[in-house]
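*Asks:* This is a predicted model, with the sequence first.
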Amino acid sequence: MWSIDHPEALWALALAVLPLFWHGQRTLAHGWLPGVPPDAASRTLALVLRLTGALTVAAAVCALAGLHRQGSAVERVGTGAHIVITLDRSASMSDGFAGRGAQQGDEPKGRAAARLLEDFVAERPRDLFGMVSFSTAPVHGLTLTGDQDAVRAAVRASAAPGVGLTNIAAGLTMALEQFRDKPLTGSRVVLLVSDGAAQIDARAQNQIRRLFAENRSALYWIFLRTAGGRGPSDPPDPEKGFDPAPEYFLNEYFRDLGVSYRLYEADTPDALARAIADVSRLQNQPLRYFETPPREDLAGLCLAIALAGSLLLLFARSLEVSAWSR
Amino acid sequence: MSAAQSLAYPLRWRSRAVTPGAHRGTLSGPGHDFERSVPLAGNRDARRLDLRASLRDPSERVWVRLFRQQATVPVVVLADVSRSMDYRGVTHRRALMASLAEALAEAAWRIGDPFSLIACDEAPRRELALPPCRSSSGARAAIARLRIFEPQGRSNAGLLKAAALLPQRRSLVFLLTDAHMPLDRLAKVLGSLCRHDVVPVLLGDSRERHASARWGIARLQDMESGAERLLLLRPALARAFDDADDARRHALRRTCMKHGRPPLFVDDRIDATLFNRYFFHT
């Protein structure tokens, strides 16, 4: 889309007509022009000089008027993803996995997650990563950045034993805030790694739903099951009396968000690795999106055209002969 | 001017003029142009006795020679004074034309031919016209008027109307023009003057006829129509100019030859030798 800053300057475009009618060259008297042999090159040159004059004036006027191009949305295909790693730092992350064969002294969940996430980060040099940890309160780790060293350091740091409870709502909110006012140049992913869930009250639910809709982010939930704990896919058993089953309801809530959502339940470090590999594969798919390119100022180009035309005319002027001679 | 003063225009045809002059005439009279021998009978002049014919006659009559009287030929300079005659190249064409007219007037005065001048642009210019006149001062005045005349005419179409202004008798007409007109107009002018002996004197200018072979840009303006043309001067265009000039001269020669005489090209200056040789050849 072409547009201009000062439309009133376009009145001067009428001046561009002048070179078509008025050549401004000195004329040499000749007795009889019909006797001059016809010459195609000369006719072409005359036409070119006139058009150059008109073009020069028009380009200068366009530069004065501030011609620029306001690009329309361009479809782009991106490969880089924006991933906010939202890591549970509650005390239970220091426990081992719940899978069969789990023993005392196995690698804690938090450390395994940190190790695998670090590899995940290392494999994706073109992505931007953000880092949010949460326990009772969210901790802002890193804004979205392409700095691999910083991201990996942040992931490593999260391996330290955590404290407190699991406040998923606050963590998700902060993770989604990372996307605020950032250009949408890749797919957005909130990678939620937690080993438990908590109930989210109605207000927080609405806020999270709204943030997901605004930021168009996908959600991957890697659930690290605690030994003896329940998973998101286990529906509450009415036989057992009161059972809040927050994981199940959170899963239901996430499925209802209207965004691309996947749940991975990892009982062992291997399962965690498979889940992260799956996320990695999913996010390698190209992303089609529309981007509005920034304003492209064409005044410089116009001035360059005007300068080139002026130099050409000046050269032609210098070639003009002052008198007809043999 | 010394070279120009020695112009001569011997003619091959006989003038029917009564006035004695320098050209061969048709009337009998004193002269050197032998016509025939006749018997000396009546009041013939016995001074021109033809001995050979008298001795050969078996009836022993006396024969005398008859001669033709030499006669004048009216000389008319028909001058093209359209604006293109004001071209200034190697010379000022109008000044060249005035000098040539002056030399012709001088030559005519020297041998006693009446000289008249008719100048035309879009129409005959009456203020420049000189009726047949034997006085050199009259001719000089007319040529002085021609010298200071500023041509304004956009064409030389008036030449077509000049025939009516010429003497009735067969005259020697010098058509002084730059030939910057369509060939058919030149043919019409020559055709309208067919009862006269017309010498087309075509005034050329070597600067106008050729273009520079050096690269450059020139915008030419036609002196008569005001039309303009931009030319990219270069060796190829210079060759095209030369070719066009050759073709033009060839066409002019053909047109003039159809009407009796080849053109006399006068380029840049008056060459009396070329001028006189022209009359020996035609």
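*Replies:* Happy to help now that I have it.
*Asks:* Run through the helices of chain A in chain order.
*Replies:* Counting by DSSP state H, chain A has helices at residues A:18-21, A:40-65, A:109-123, A:148-157, A:168-177, A:202-215, A:246-255, A:269-282, A:299-319.
*Asks:* and those as CSV, adding mean neighbour count?
*Replies:* Every C-beta, even on glycine, is put in place using the N, C-alpha and C of the backbone. Output for those, formatted as CSV (neighbours: other C-beta atoms under 10 Å in any protein chain shown):
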stretch, mean neighbour count
helix A:18-21, 14
helix A:40-65, 18
helix A:109-123, 20
helix A:148-157, 17
helix A:168-177, 22
helix A:202-215, 15
helix A:246-255, 19
helix A:269-282, 17
helix A:299-319, 15
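*Asks:* Compare the ones you listed and say which comes out lowest on pLDDT.
*Replies:* Of all the helices of chain A, the minimum mean pLDDT falls on helix A:269-282 (a mean of 78).
*Asks:* Specify the residue ranges that define each domain of the chain.
*Replies:* No chain specified, so I'll use chain A. Following automatic domain parsing, one gets these domains for chain A: A:2-71+A:294-319, A:75-291.
*Asks:* Correction: the question concerned chain B.
*Replies:* B:20-71, B:72-281.
*Asks:* which residue ranges form the strands in chain B?
*Replies:* Counting by DSSP state E, chain B has strands at residues B:20-39, B:63-71, B:75-80, B:115-120, B:124-133, B:172-177, B:197-204, B:216-222, B:228-233, B:264-267.
*Asks:* Among those strands, show me which one is buried the most.
*Replies:* Comparing these by mean neighbour count (mean count of other C-beta atoms under 10 Å in any protein chain shown), strand B:75-80 ranks first with a mean of 28.
*Asks:* residues contacting residue A:264?
*Replies:* A:220-223, A:271, A:274-275, A:278-279 (C-beta atoms under 8 Å, 6 or more residues apart in numbering or on different chains).
*Asks:* meant to ask about residue B:138
*Replies:* By C-beta under 8 Å, 6+ apart, the contact set of residue B:138 is residue B:130.
*Asks:* That one and residue A:218: what is the separation?
*Replies:* 114 Å (C-beta to C-beta, to the nearest Å).
*Asks:* How many neighbouring residues does residue A:97 have?
*Replies:* Using other C-beta atoms under 10 Å in any protein chain shown as the criterion, residue A:97 is surrounded by 24 other residues.
*Asks:* Chain neighbours aside, what residue packs nearest to whichever residue of the stretch 51-200 of chain B sits closest to chain A?
*Replies:* As assessed by C-beta to the nearest C-beta, chain A sits closest to residue B:180 within the stretch 51-200 of chain B, at 3.5 Å. Nearest residue to residue B:180 in three dimensions, chain neighbours excluded: residue A:32, at 3.5 Å (C-beta to C-beta, 6 or more residues apart in numbering or on different chains).
*Asks:* Can you tell me the number of residues neighbouring that neighbour?
*Replies:* Look at residue A:32: counted by other C-beta under 10 Å, it has 20 neighbours.
*Asks:* if we can go back for a sec, quick one: contacts for the residue of the stretch 51-200 of chain B closest to chain A?
*Replies:* A:31-32, A:35, B:82, B:84, B:156, B:224.
*Asks:* can you give me the helices in chain B?
*Replies:* Applying DSSP H to chain B gives helices spanning B:2-5, B:51-56, B:93-110, B:136-148, B:183-192, B:206-209, B:235-258, B:272-281.
*Asks:* What average pLDDT does the second one get?
*Replies:* Put plainly, it is helix B:51-56. For helix B:51-56, mean pLDDT is 90.
*Asks:* about what we covered before: could you dump the contacts of residue A:264 to TSV with distance to chain B?
*Replies:* Shown next, in TSV, are those (distance: C-beta to the nearest C-beta, whole Å):
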residue	distance to chain B
A:220	72
A:221	78
A:222	78
A:223	83
A:271	82
A:274	78
A:275	77
A:278	73
A:279	70
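*Asks:* what would these look like in CSV with distance to residue A:233?
*Replies:* What follows is the contacts of residue A:264, written out as CSV (distance: C-beta to C-beta, whole Å):
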residue, distance to residue A:233
A:220, 15
A:221, 11
A:222, 14
A:223, 9
A:271, 14
A:274, 16
A:275, 14
A:278, 16
A:279, 18
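*Asks:* of those, closest to residue A:45?
*Replies:* Distance to residue A:45, by C-beta to C-beta, is smallest for residue A:279 among the contacts of residue A:264, at 67.0 Å.
*Asks:* Let me see the confidence value for the residue nearest to the closest one when sequence neighbours are not counted.
*Replies:* In space, and not counting its chain neighbours, residue A:279 is closest to residue A:220: 5.1 Å by C-beta to C-beta, 6+ apart. With respect to pLDDT, residue A:220 has a value of 86.
*Asks:* At the contact with chain B, which residues of chain A appear?
*Replies:* A:23, A:25-37, A:39, A:41-43, A:45-46, A:49, A:316, A:319-321, A:324-326 (C-beta under 8 Å from any C-beta of the partner chain).
*Asks:* mind checking which of the domains of chain A is nearest residue B:71?
*Replies:* Of all those, domain A:2-71+A:294-319 sits nearest to residue B:71, with 38.7 Å by C-beta to C-beta.
*Asks:* Span of that closest one from start to end?
*Replies:* The first and last residues of domain A:2-71+A:294-319 sit 38 Å apart, counting by C-alpha to C-alpha, to the nearest Å.
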